[in-house]
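Peer 1: Provided below are the primary sequence and the corresponding predicted coordinates.
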Amino acid sequence: MSDVPQYRKPIGTARKNIKRVTIDDCEYDICEPSAGDKTLVLKLSEKAGEIDADRNPVSVDAGIYFLARVAIASLYHPGGRRRVFDLNSQEDLEAVKQEPWLMDHAKDFTSGFGGKTVEEEQGNSEATPS
């Protein structure tokens, strides 16, 4: 046996879990997408004309497509290592857009995608009385 240490590349590591959800009696993890996944969602949405220069949806339908892309980037099998859907699949996008669980978990998908709001980050930041 060699005494030379074998180092593993940190690729395919588990994503930060936001919440475990049950959809059709199966458990899934809503995880925070990587920076690369977030930029890909924005790039795909811009290319499809779903968001404007300020990254706001251009219509209600475009907003649902954007939310579906965020869900696809965020929904993982338990453990956060393997994504359920393919971000580049138009078929997955069309299917997810029609699912009732998309709106049921919309807040969890968007919170993981955008990070904490200013209010959540501040928490209880009021000055402590002395």
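Peer 2: Great, that's in hand. Residues are numbered from 1 along each chain as shown.

Peer 1: what's the single longest helix in this protein?
Peer 2: Counting by DSSP state H, the longest helix found in the chain is helix 60-74.

Peer 1: could you give me the average pLDDT of that one?
Peer 2: If you average the pLDDT over helix 60-74, you get 96.

Peer 1: what's the helix or strand for residue 30?
Peer 2: Assigned by DSSP states H and E, residue 30 falls within strand 26-31.

Peer 1: what's the angle between that strand and helix 60-74?
Peer 2: On the basis of axes from the mean of the first three to the mean of the last three C-alpha atoms, to 10 degrees, strand 26-31 is oriented at 100 degrees to helix 60-74.

Peer 1: so how many other residues sit close to residue 47?
Peer 2: 9 (other C-beta atoms under 10 Å). To be clear about C-beta, it is placed using only N, CA and C from the backbone, and glycine gets the same treatment.

Peer 1: This structure: strands as residue ranges?
Peer 2: 17-23, 26-31, 75-76 (DSSP state E).

Peer 1: now for the longest helix of the chain, which elements pack on it?
Peer 2: Helices and strands touching helix 60-74, by 3 or more C-beta pairs under 8 Å, 6 or more residues apart in numbering; DSSP states H and E, are helix 35-47, helix 90-98, helix 100-104, helix 106-114.
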